[in-house]
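In: I'll drop the sequence and a predicted model, then ask my questions.
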Amino acid sequence: MAGDTSMKSASANVAGPDIRSGRLSAAEYESRFSAAVPALDQQAALIESNRCYYCYDAPCIEACPTGIDIPGFIRKIATGNTAGAALRIYEQNIFGGSCARVCPTEILCEHSCVRMAEEGKPIPIGLLQRYATDHGTPANQHPFSRAAVTGKRIAVVGGGPAGLACAHRLAMQGHDITVFEAREKLGGLNSYGVAEYKVPHGYAGHEVEFILGIGGIAVQTGKKLGRDIDLSALRRDFDAVFLGLGLSGVKALDCEGEQLAGVMNAVDYIANLRQTKDFAELPVGRRVVVIGGGNTAIDMAVQIKRLGAEEVALVYRRGAESMSATYHEQAFAKENGVVIRHWAQPLRLEGEGGRISRAVFERTALDQAGKLIGTGEQFALEADMVFKAIGQIFVADPLREESRDLLELKHGRIAADAEGRTSLDKVWAGGDCVAGGQDLTVAAVQAGKVAADAIHRALIQRAAA
Ligand code: SF4
């Protein structure tokens, strides 16, 4: 890799930053940011759906965090009932469309498919789910109707997958919901966080509209907990509160040079990319280093490469098997020209004139006790941009003192039971902001759904008491 220099030669070979926008033609942006995985056409969907054994006690259902009746919806595709297939998916997962695009199916349902064990080629459940939701979702009518209005009001804080799944389920049960979202748009990571070629921005917005189509859900955007709204007031004014706050903080590298221009949080750059109307306006370095080992790091590395960066290195402190990005994601990054370098941690970031010019790493290893240690051996990568993607953290500040004293936290996130009930009366929580979560969209949807059912039961019991 041209940007990789030994410690001896690097300092004599530092070029000025090469950051430009508009590195590609409009046609190149279009082709590079269209869906990375082609959709199934009708014939392929029929062929694949007919490969399914429709297993009794299907292991694929067990492996789906939302428990979608997978053989049930696949059988409906096979019999030509695509609308029925979509409905079967939405019954368990109202975000079935975007989950079909972002779920790591290779480690969930498809990994458990008996066809995988038999012939190493599972039923492409994710692609079939995408086919069903793309072609079977009614255009002008929501597939579910609301129960009789109960008069109960629930505040949902956070308009991402956990919050909207909770809101949708509660609206179905006849409750009136108000969703408070800090950002301008709903959708959470689907709108601001995942790669554009997985969930195009237009799709995320369309899916939000579809979910709100149930009715009974009022939306207030630009309302941030702790700034515009207050947990104590929500508890006073609503019958229940669901917190689907996500993770708004970003872990720092805590190394010298982090403040240099050109050193950025990957989540901020991706959020900007997801909202831009013109990819040609985005600044793109010629040599880019991404630090991290999760899906955000992979999404960042692949997208900056697709935006025209010549050299993209993703550096992770442990081996491939320890990366939270799946092997499938890692292979995808390599296919896109990203060089993944394992067993190295950032030592310092160096710059010229206040701008990043290279990142210095120390090679790492495990000691005899299995603890990660620096070996002392160093190398440097020349860089016009460095992206930090070493994880996000829950920010408890918005919970305000009077509530935070009572709202128990665990491992830096909200402590909640299996149904999302927190230590605070009338308050449930779910998704990434809760301790022990899987940090997957599909898990957030399930958490919102489970909490909605628990809130509904609690409201009914309270009314009957
Ligand atoms: Fe079909 Fe595979 Fe699920 Fe069996 S495990 S029902 S073959 S998708």
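Out: Great, that's in hand. Residues are numbered from 1 along each chain as shown.

In: looking at this structure, which helix is longest?
Out: Secondary structure assigned by DSSP state H gives helix 441-464 as the longest helix of the chain.

In: any idea how this structure splits into domains?
Out: Annotated domains of the chain cover 42-136, 153-248+394-464, 250-391 [automatic domain parsing].

In: just the buried residues of the longest helix of the chain, please?
Out: Buried residues in helix 441-464, defined by neighbour count with 16 or more other C-beta atoms under 10 Å: 441-452, 454-456, 458-459. Every residue, glycine included, has its C-beta placed from N, CA and C.

In: quick one, phi/psi of the closest residue to residue 452 other than its chain neighbours?
Out: Excluding the flanking residues, the one nearest residue 452 by C-beta to C-beta, 6 or more residues apart in numbering is residue 169, at 3.5 Å. Residue 169 adopts backbone torsions of phi -60, psi -40, taken as degrees, to the nearest 10.

In: and for residue 169, the neighbour number?
Out: 23 (other C-beta atoms under 10 Å).

In: check contacts around it.
Out: 94, 448-449, 452-453, 456 (C-beta atoms under 8 Å, 6 or more residues apart in numbering).

In: mind checking how far the residue in the stretch 201-350 of the chain that the ligand sits nearest to is from residue 120?
Out: Residue of the stretch 201-350 of the chain nearest the ligand, by C-beta to the nearest ligand atom: residue 328 (17.7 Å). According to C-beta to C-beta, to the nearest Å, residue 328 stands 14 Å off from residue 120.

In: what does the pLDDT read for residue 464?
Out: The per-residue pLDDT reported for residue 464 equals 81.

In: for it, give me its contacts.
Out: Taking C-beta under 8 Å, 6+ apart, we find residue 464 in contact with no residue.

In: can you pull out the strands in the stretch 351-465 of the chain?
Out: 355-366, 372-382, 385-388, 392-393, 409-410, 413-414, 427-429 (DSSP state E, counting those that start in this stretch).

In: so which of the ones you listed is nearest the ligand?
Out: Between the strands of the stretch 351-465 of the chain, strand 427-429 lies closest to the ligand; by C-beta to the nearest ligand atom that is 31.7 Å.

In: per-stretch mean pLDDT over the domains of the chain, give me the minimum one.
Out: domain 153-248+394-464 (a mean of 92).

In: any idea how far that domain is from the middle of the chain?
Out: 15 Å (C-alpha atoms, centre = their mean, to the nearest Å).

In: okay, now stretch 361-373: how far is its last residue from its first?
Out: End-to-end distance for stretch 361-373: 13 Å, by C-alpha to C-alpha, to the nearest Å.

In: stretch 88-102 now?
Out: 19 Å.

In: show residues contacting it.
Out: For stretch 88-102, using C-beta under 8 Å, 6+ apart, the contacting residues are 35, 64, 66-69, 72-73, 76, 86, 126-127, 129-130, 132-134, 137, 143-144, 161, 164-165, 168-169, 190, 194, 198-199, 203-204, 207, 210-211, 441-442, 445-446, 449.

In: quick revisit: for residue 62, see how far away the residue nearest to residue 452 is.
Out: 22 Å.

In: kindly report the same for residue 134.
Out: Taking C-beta to C-beta, one finds residue 134 at 26 Å from residue 62.

In: so those two - more neighbours on which side?
Out: More crowded of residue 134 and residue 62, by other C-beta under 10 Å: residue 134, with 15 against 12.

In: got the contact list for the more buried one?
Out: With C-beta under 8 Å, 6+ apart, residue 134 has these contacts: 39, 97.

In: now do the SS call for it.
Out: helix (DSSP: H, G, I helix; E, B strand; the rest coil).

In: list the residues that contact the most centrally placed residue in the chain.
Out: Compute the mean C-alpha point of the chain, and by C-alpha atoms, centre = their mean the closest residue is residue 189, 4.9 Å away. With contact taken as C-beta under 8 Å, 6+ apart, residue 189 is in contact with 160-161, 246, 441.

In: which two of those have the greatest separation?
Out: Spanning the widest gap among those are 246 and 441, at 11.0 Å by C-beta to C-beta.

In: and residue 296, what element?
Out: Secondary structure from DSSP states H and E places residue 296 in helix 295-306.

In: near the ligand, which residues of the stretch 51-200 of the chain are found?
Out: Contact residues, the stretch 51-200 of the chain versus the ligand (C-beta under 6 Å from any ligand atom): 52-55, 58-60, 70-71, 74, 113-115, 123, 125.

In: out of these, who's the most crowded?
Out: Result: residue 70 is most packed of those (other C-beta under 10 Å), 29 neighbours.

In: nearest residue to it other than its sequence neighbours?
Out: Residue 70's closest residue in space is residue 60 (C-beta to C-beta, 6+ apart), at 4.5 Å.

In: the one you found and residue 69 touch, don't they?
Out: No - when contacts are counted by C-beta atoms under 8 Å, residue 60 is not listed as touching residue 69 (9.8 Å).

In: for the ligand, give me its nearest residue in the stretch 151-300 of the chain.
Out: residue 198 (21.9 Å).

In: that residue: what's it in contact with?
Out: For residue 198, the contact set (C-beta under 8 Å, 6+ apart) comprises 35-36, 101-102, 299.

In: just the buried residues of the residues you listed.
Out: For the contacts of residue 198, buried by 16+ other C-beta under 10 Å: 36, 101-102, 299.

In: max pairwise distance over the residues you listed: which two?
Out: Farthest pair in the buried ones among the contacts of residue 198, by C-beta to C-beta: 101 and 299, 12.6 Å.

In: for the residue of the stretch 151-300 of the chain closest to the ligand, give me phi and psi.
Out: phi -90, psi -60.

In: re the thing from before, please enumerate the shared neighbours of residue 60 and residue 69.
Out: Counting by C-beta under 8 Å, 6+ apart, nothing touches both residue 60 and residue 69.
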